[in-house]
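Student: Pasting a predicted model and its sequence here:
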Amino acid sequence: AANFFALFALSLELWDYFARRVGLGIDSRLAQHLSLSILWTAYASALIALGIHRKSVLLRWQALSLFGFVVIKVFIYDSSFLERFYRIVSFFILGLVLLVVSFLYQRKVAGERSS
């Protein structure tokens, strides 16, 4: 429950921050949603790392669930507002982050199983 409330508070802070930043030259609503996706991806990555370090299955499942939610959000909602080039770049970056996390996760978990 603590992870949920921490993520909720951080999300609200970012949402309010980008709502007040009108002079950025981009749509503030798009910036709000983009910042949420980035925050949630970073938070899920931190949960994966912490879950592996502490050998906590619950933290790893929370991180994987959050990653799944972010992927669904990016594919369904965020990509509908982006132009073609930015959509390609956002999918590329999301895929790259997911590949790196899965590679590190598999390497760490395989190392734990062999020892």
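Tutor: Nice, I can see it.
Student: give me the number of residues near Ile88?
Tutor: Neighbourhood size, Ile88 [other C-beta atoms under 10 Å]: 12. C-betas here are computed from N, CA, C, even on glycine.
Student: Could you list every helix and strand in contact with the helix or strand it falls within?
Tutor: Taking DSSP states H and E as the definition, Ile88 sits inside helix 84-114. On a contact count with 3 or more C-beta pairs under 8 Å, 6 or more residues apart in numbering; DSSP states H and E, helix 84-114 meets helix 28-54, helix 57-76.
Student: Would you indicate which residues of the worst-scoring helix or strand of the chain on mean pLDDT are buried?
Tutor: Least confident element among the helices and strands of the chain, by mean pLDDT, DSSP states H and E: helix 84-114 (a mean of 81). Using 16 or more other C-beta atoms under 10 Å as the test for burial, helix 84-114 gives 90, 94, 97-98, 101, 105, 108.
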